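Visitor: next one to model:
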Amino acid sequence: MAVLAAVAFIGFVGNRKLLPVLAVFLLTWQLIVPNAVKERVFMTENSNGELEPSAGDRVTIWENAMEIIKGNPVIGTGFDTYKFMHAVGPYEDTHNYYVKVMLETGIVGMMIFLAIVSQMFRAGFALYRNPQADEFLRGVGLGVAALLVAAIVGNFFGDRWSYIEETGFTWVFVAMALRGTMLTQEQAAIAEAPESDALALPLAYMERSAKSSMGPAPTTSR
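Guide: The predicted model follows:
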């Protein structure tokens with residue numbers, strides 16, 4: 001679902017040629033994907049229309065989590081506390097990151113989390129839509145935006161955010177998008193500067209970057 005959402009996003013926003021490919025896949029996916037994937041999809045319910053144990057346990061976890069959320073909806077039970085509750089059998093995760101954020105950090109935490117995700121998405125999408133960026137940087141921006149779309153969808157089915165193995169690359173790519181925006185702004189400033197200042201501007205940016213990386217100058221006492 002996460003991959004399909006990301007591909008659909010790129011198709012609608014960046015490359016419409018992907019949409020027919022996506023449509024063909026949706027019509028023929030049963031012939032392409034491994035049998036284990038087909039079984040996972042079609043075995044969600046048994047012949048009696050009842051949920052299979054794994055899906056049924058997820059529903060039970062979410063229903064139980066909703067009851068816990070009602071007890072403290074504003075600030076939650078505390079970060080990373082659900083795994084110690086064992087509210088539903090041995091399970092230590094809500095299998096839905098939004099439910100987990102709401103349960104552990106409440107409305108306050110959910111608003112902060114959504115603000116962070118939206119700003120990360122905007123960092124990529126704004127770079128893609130920037131007419132002054134070159135094709136490579138616009139591609140980076142579109143990739144970051146699509147990555148966030150996939151992350152948003154994927155987190156409905158589990159915790160795809162707390163593990164550095166999964167989110168480490170996300171932060172790196174977002175940093176690339178932000179740096180790409182800075183480079184575009186610097187190049188635009190150089191292009192618009194008078195010819196006499198064209199050489200001075202890059203040096204000024206280099207000096208400013210060097211000072212920021214070195215931190216504040218040390219102070220000496222008399």
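Visitor: C-terminal to the top helix by length along the chain, what's the next element?
Guide: As assigned by DSSP state H, the longest helix anywhere in the chain is helix 97-129. Going down the chain from helix 97-129, the next helix or strand is helix 135-154, by DSSP states H and E.
Visitor: could you point out the helix or strand that follows that next one?
Guide: helix 164-192.
Visitor: how about the spatially most central residue of the chain: what's its closest non-neighbour residue?
Guide: The structure's the chain has its C-alpha centroid closest to L148; by Cα atoms, centre = their mean the separation is 3.3 Å. Of all residues beyond its chain neighbours, the one nearest L148 is F121 (4.2 Å), with distances taken as Cβ to Cβ, 6 or more residues apart in numbering. For glycine as for every other residue, the C-beta is placed from the backbone atoms N, C-alpha and C.
Visitor: and for the one you found, the neighbour number?
Guide: Residues near F121, counting by other Cβ atoms under 10 Å, number 20.
Visitor: gap between the two ends of stretch 126-143?
Guide: 12 Å (Cα to Cα, to the nearest Å).
Visitor: who touches it?
Guide: Identification of contacts with stretch 126-143 by Cβ atoms under 8 Å, 6 or more residues apart in numbering yields 10, 13-14, 123-125, 144-145, 173, 176-177, 180-181, 183-184, 187-188.
Visitor: hmm, try it at 6 Å
Guide: Here stretch 126-143 makes contact (Cβ atoms under 6 Å, 6 or more residues apart in numbering) with G14, G124, M176, A177, G180, T181, T184, A188.
Visitor: so how far is that stretch off the chain centroid?
Guide: 18 Å (Cα atoms, centre = their mean, to the nearest Å).
Visitor: re earlier: distance from the chain centre to the longest helix of the chain, please.
Guide: Averaging C-alpha coordinates over helix 97-129 and over its chain gives two centres that are 8 Å apart (Cα atoms, centre = their mean).
Visitor: just the mean pLDDT for that helix, thanks.
Guide: When the per-residue pLDDT values of helix 97-129 are averaged, the result is 96.
Visitor: now that helix against helix 164-192, angle please.
Guide: Inter-element angle recorded for helix 97-129 and helix 164-192: 20 degrees (by axes from the mean of the first three to the mean of the last three Cα atoms, to 10 degrees).
Visitor: buried residues in helix 97-129?
Guide: Within helix 97-129, the residues scored as buried using 16 or more other Cβ atoms under 10 Å are 97, 99-106, 109-110, 113, 120-121, 123-128.
Visitor: also stretch 64-71?
Guide: By neighbour count with 16+ other Cβ under 10 Å, stretch 64-71 contains the buried residues N64, A65, I68, I69.
Visitor: which of the residues you listed fall within helices?
Guide: N64, A65, I68, I69.
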